[in-house]
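*Asks:* after the sequence you'll find the predicted model.
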Amino acid sequence: MKLLERIIYFLFTFFIFIVLWNVMTRLWEAFVPWNYKTDFIGVVVVIPLLIAAAFILSSLSFKVIKETK
C-alpha cells in the first residue's frame, strides 16, 4: 500500500510539474527576451524552483487529502 501511495505521489508531482512548466513557458516566451543568458538562467534557476514547487504543492495536496479521510 505504501508503494502505491508513493507511485501516485510521484505521478501527481510530475503532473503538477508539467502544468507549472507550461505556465512558466508561456510567461517566459511573453516577457523574457531570448538569448543564451536567459536560457542559462532558466536552466539553473527556474527549473529547480519549478521542481521544488511541484514537490511542495504535491506534499500539501496529499496532506490535505489524508486529513480529510
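*Replies:* Looks like it came in fine.

*Asks:* helix or strand with the lowest mean pLDDT in this protein?
*Replies:* Ranked by mean pLDDT, DSSP states H and E, the weakest helix or strand in the chain is helix 36-41, scoring a mean of 83.

*Asks:* quick check: buried residues in whichever helix or strand comes after that one?
*Replies:* Using DSSP states H and E, the helix or strand that follows helix 36-41 towards the C-terminus is helix 47-68. By 16 or more other C-beta atoms under 10 Å, the buried positions in helix 47-68 come out as 50, 54, 57, 58. Quick note: C-beta positions are derived from backbone N, CA and C, even for glycine.

*Asks:* picking up where we left off before, which residues outside the least confident helix or strand of the chain are in contact with it?
*Replies:* Outside of helix 36-41, the residues within contact range by C-beta atoms under 8 Å, 6 or more residues apart in numbering are residue 32.

*Asks:* which ones are touching residue 20?
*Replies:* So residue 20 contacts 50, 53, 54 (C-beta under 8 Å, 6+ apart).

*Asks:* what's the spacing between it and residue 2?
*Replies:* Note on residue 20: its distance to residue 2, by C-beta to C-beta, to the nearest Å, is 27 Å.
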